[in-house]
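A.B. asks: After the sequence you'll find the predicted model.
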Amino acid sequence: DDGMAMLERLIRLRIETQIIEEQIHRLREELRVTTQRVNLFEKVKIPETRENIRVIRIVLGDQMTADVVRSKFAKAKTVERTGMSAA
């Protein structure tokens, strides 16, 4: 009777061990995939995004400068026309 109980316990422990080993395997695989994703973001996506933001800021700055220049030309023409009309 004790031998049967020990055999049942041994079988149960082996099954539990297999389950735990499978869980460990799955967790290791998930950790590997997660690490790859983190590396992708840290080494590729974030630097790309920072560079894109830098380029966008440059373009917006250039557009603002061009708008100011156009505005000054338009104002100068308006003043010139107004001055000619008054003369």
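C.D. replies: Sure, I can see it. Residues are numbered from 1 along each chain as shown.
A.B. asks: Please count neighbours and contacts with C-alpha atoms only from this point.
C.D. replies: Fine.
A.B. asks: What are the buried residues along the helix or strand where residue 3 lies?
C.D. replies: For residue 3, the host element (DSSP states H and E) is helix 2-40. The neighbour-count check on helix 2-40 (16 or more other Cα atoms under 10 Å) flags nothing as buried.
A.B. asks: Can you work out which other helices and strands pack against it?
C.D. replies: Contact here means 3 or more Cα pairs under 8 Å, 6 or more residues apart in numbering; DSSP states H and E; on that basis helix 2-40 packs against no helix or strand.
A.B. asks: For that helix, what is the distance to the chain centroid?
C.D. replies: Remark: helix 2-40 is offset 33 Å from the chain centroid, using Cα atoms, centre = their mean, to the nearest Å.
A.B. asks: just the angle between the lengthiest helix in the chain and helix 2-40, please?
C.D. replies: Longest helix of the chain, by residue count under DSSP state H: helix 46-86. If you take axes from the mean of the first three to the mean of the last three Cα atoms, to 10 degrees, helix 46-86 sits at 30 degrees to helix 2-40.
A.B. asks: about what we covered before: quick check: mean pLDDT of the helix holding residue 3?
C.D. replies: What helix 2-40 shows for mean pLDDT is 98.
A.B. asks: Identify the residues contacting residue 15.
C.D. replies: Going by Cα atoms under 8 Å, 6 or more residues apart in numbering, residue 15 touches no other residue.
A.B. asks: and residue 85, what pLDDT?
C.D. replies: For residue 85, the model assigns a pLDDT of 67.
A.B. asks: quick one: residue 58 from residue 48, how far?
C.D. replies: 15 Å (Cα to Cα, to the nearest Å).
A.B. asks: Residue 83 too?
C.D. replies: Per Cα to Cα, residue 83 is found 52 Å from residue 48.
A.B. asks: Compare those two (neighbour count), which wins?
C.D. replies: residue 48 (13 against 10; other Cα atoms under 10 Å).
A.B. asks: For residue 61, see how far away the more buried one is.
C.D. replies: Counting by Cα to Cα - residue 48 and residue 61 are separated by 20 Å.
A.B. asks: And for residue 11?
C.D. replies: For residue 11, the distance to residue 61 - Cα to Cα - is 72 Å.
A.B. asks: what do you get for residue 16?
C.D. replies: 64 Å.
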